[in-house]
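Engineer: Sequence plus the predicted model coming up.
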Amino acid sequence: MARVVMTIRVMPDGVEIDLDNLLKRIKKAIPQGTDVGAVEKQPVAFGLKALRMNLVREESKGGTDDIEQAISAIEGVSQVEVERVSRM
């Protein structure tokens, strides 16, 4: 079975959001069977930084909707954007 790699960008509500704590909460909230790969803090503007992360899971699990919904529901998250999806 093929695996899928997704690059997701998570925008916090503001500059005061602790990105390390936000990442911990994202890891707990994502659906089971989804692994977190590389994570980086990406400067956006005026001190605001986004989390950009790679998530990996089996292709049979479907699209990214469940992941986007789980992350969007976390307090402190403003926006979730799927930048790229590809097969491994």
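Structural biologist: Sure, I can see it.

Engineer: Check what pLDDT residue 79 gets.
Structural biologist: pLDDT, residue 79: 97.

Engineer: Tell me what it is bridged to.
Structural biologist: Using DSSP bridges, the bridge partners assigned to residue 79 are residue 11.

Engineer: Would you check that it makes contact with residue 11?
Structural biologist: Yes: between residue 79 and residue 11 there is a contact under Cβ atoms under 8 Å: 4.1 Å. Glycine gets a C-beta too; all of them are placed from N, C-alpha and C.

Engineer: Looking at the two, which is more packed in?
Structural biologist: residue 11 (17 against 13; other Cβ atoms under 10 Å).

Engineer: Return the residues in contact with that one.
Structural biologist: Contacts for residue 11 (Cβ atoms under 8 Å, 6 or more residues apart in numbering) come out as 44, 48, 50, 77-81.

Engineer: Just the strands from the protein, written as ranges.
Structural biologist: Using DSSP state E, the strands of the chain run over 3-12, 35-45, 48-58, 77-87.

Engineer: Need the contact partners of the longest helix along the chain.
Structural biologist: Counting residues, the longest helix found in the chain (DSSP state H) is helix 19-29. Identification of contacts with helix 19-29 by Cβ under 8 Å, 6+ apart yields 10, 12, 36, 39, 41, 49, 51, 53, 70-71, 73-74, 76-77.

Engineer: ok, so of those, who is nearest residue 60?
Structural biologist: The nearest member of the contacts of helix 19-29 to residue 60, counting by Cβ to Cβ, is residue 70 at 18.2 Å.

Engineer: distance of that closest one from residue 48?
Structural biologist: 22 Å (Cβ to Cβ, to the nearest Å).

Engineer: Equivalent analysis for residue 41, please.
Structural biologist: Counting by Cβ to Cβ, the gap from residue 41 to residue 48 is 10 Å.

Engineer: Looking at the two, which one has more neighbours?
Structural biologist: residue 48 (15 against 12).

Engineer: Quick check: that one touching residue 15?
Structural biologist: Yes: Residue 48 lies in contact with residue 15 (Cβ under 8 Å); the separation is 5.2 Å.

Engineer: Pull out the buried positions in the longest helix of the chain.
Structural biologist: 19, 22-23, 26 (16 or more other Cβ atoms under 10 Å).
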